[in-house]
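Participant: Got a predicted structure plus its sequence, pasted below:
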Amino acid sequence: MTQTTLSFTKMQGAGNDFILFDNRSLKMPDERMSEIAPLLCNRKFGIGSDGLIALSFDETKKADLVMLYKNPDGSDAGMCGNGARCFAAFATTLGSPKKFTFRVHDKIYRASVKKKSVVINFPLETAVIEKKAAGMALLDVYTNTEHIVCALQPEQLEDEPKLISEGRYLRNHDNFKPKGTNVNFIAGIDANNLCLQTYERGVENLTLACGTGAISSALAWHHLQQSGDGKFKYRVKVRGGTLLVHFSFNNENKRYSKIKLEGPANFVFEGQYYL
């Protein structure tokens, strides 16, 4: 019998919104998710979201659960930080404990669901690499998905048409082929606070928030300030709210580790989508 409806939950984390569904018994294959993601994520003809997320058991037994994420164009994403926080809160409604592990591709993450926020521990050690593209000085920061960071003046973050134009150009630049990259525009406020606008690959537009973009931007701001060794907590102000990025930096090897993303995860509505 062909399935005709899909039960879903709509969630948002700092304005980054997602459609989530329980795939444990449904067992929808990856290819089918890629097919329906553009339909479900469409804001005029579907539910509308920045991505589609499926929750499954981890049959490899390496983690408690698996998060499978699709962009609105049906493409695969390396990792989605805001989506992961929504995924964690969603999992607790299905009986998961408030602390658990989940797998995204071959990486194991740890989730901790609190009263007012969700924390995701990233299995990640990374560096900030200085690059140039189209004559612009950029910072390349891999956060289990591809990101570049451009530092601007605060008033430049308000010119959204220009950010979209530059974001689209850099996202598809030859230097970042074949996958392309996510493009983050930042403006520092003070030592531990910054503002961010992200042009997201797969969404192909600015989004109200980007979790992995917030991480890459916080590390880039630390690098630009040459803040040195230690443990840090940066507040990243995005259009949809504020995200916290925790990390450690080792000045000897110039590596960032113990990276955590913290922020809200809110339920919006539940429903049935007619496939």
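Facilitator: Received the coordinates, thanks. Numbers count the residues shown, from 1 in each chain.

Participant: So residue 92 belongs to a strand, correct?
Facilitator: No: counting by DSSP: H, G, I helix; E, B strand; the rest coil, residue 92 is not part of a strand but helix.

Participant: pLDDT wise, what is it at?
Facilitator: The per-residue pLDDT reported for residue 92 equals 98.

Participant: Okay, and the beta partners of the closest residue to it other than its chain neighbours?
Facilitator: Distances taken as C-beta to C-beta, 6 or more residues apart in numbering place residue 113 nearest to residue 92, at 5.3 Å, with adjacent residues excluded. Heads up, the C-betas are built off the backbone N, CA and C, glycines and all. Residue 113 has the following beta-bridge partners by DSSP bridges: residue 118.

Participant: How about residue 266?
Facilitator: Going by DSSP bridges, residue 266 forms beta bridges with residue 12.

Participant: Same question for residue 103.
Facilitator: Here residue 103, judged by DSSP bridges, has bridge partners residue 66, residue 108.

Participant: quick one: contacts for it?
Facilitator: Contacts for residue 103 (C-beta atoms under 8 Å, 6 or more residues apart in numbering) come out as 58, 60, 62, 63, 65, 66, 67, 109.

Participant: shouldn't the last one be in contact with residue 102?
Facilitator: Just to be clear, that refers to residue 109. Yes: the pair residue 109 / residue 102 is scored as a contact, 5.6 Å apart, by C-beta atoms under 8 Å.

Participant: which among the contacts of residue 103 end up buried?
Facilitator: Neighbour counting by 16 or more other C-beta atoms under 10 Å classes 63, 65, 66, 67, 109 among the contacts of residue 103 as buried.

Participant: Show me the two of those residues that sit farthest apart.
Facilitator: 66 and 109 (10.7 Å; C-beta to C-beta).

Participant: Now the common contact residues for these two.
Facilitator: Common contacts of residue 66 and residue 109 (C-beta under 8 Å, 6+ apart): 102, 103.

Participant: so how far is residue 55 from the residue nearest to residue 186 when sequence neighbours are not counted?
Facilitator: Nearest residue to residue 186, sequence neighbours excluded (C-beta to C-beta, 6+ apart): residue 217, at 4.8 Å. With distances taken as C-beta to C-beta, to the nearest Å, residue 217 is found 28 Å from residue 55.

Participant: And stretch 128-144, end to end?
Facilitator: 13 Å (C-alpha to C-alpha, to the nearest Å).

Participant: Outside of that stretch itself, which residues are in contact with it?
Facilitator: 78-79, 81, 104, 107, 122-124, 126-127, 147-151, 169-170, 173, 175-176, 212-213, 215-217, 219-220, 222-224, 254, 256, 259.

Participant: And for stretch 17-32?
Facilitator: 3, 6-12, 40-41, 47-57, 68, 80, 82-83, 86-87, 90, 94, 268.

Participant: Would you list the buried entries among these?
Facilitator: Taking 16+ other C-beta under 10 Å as the criterion, what is buried in the contacts of stretch 17-32 is 6, 8-12, 40-41, 47, 49-56, 68, 80, 82-83, 86-87, 90.

Participant: wait, doesn't residue 73 sit right on residue 34?
Facilitator: No: using C-beta under 8 Å, residue 73 makes no contact with residue 34, being 9.1 Å away.
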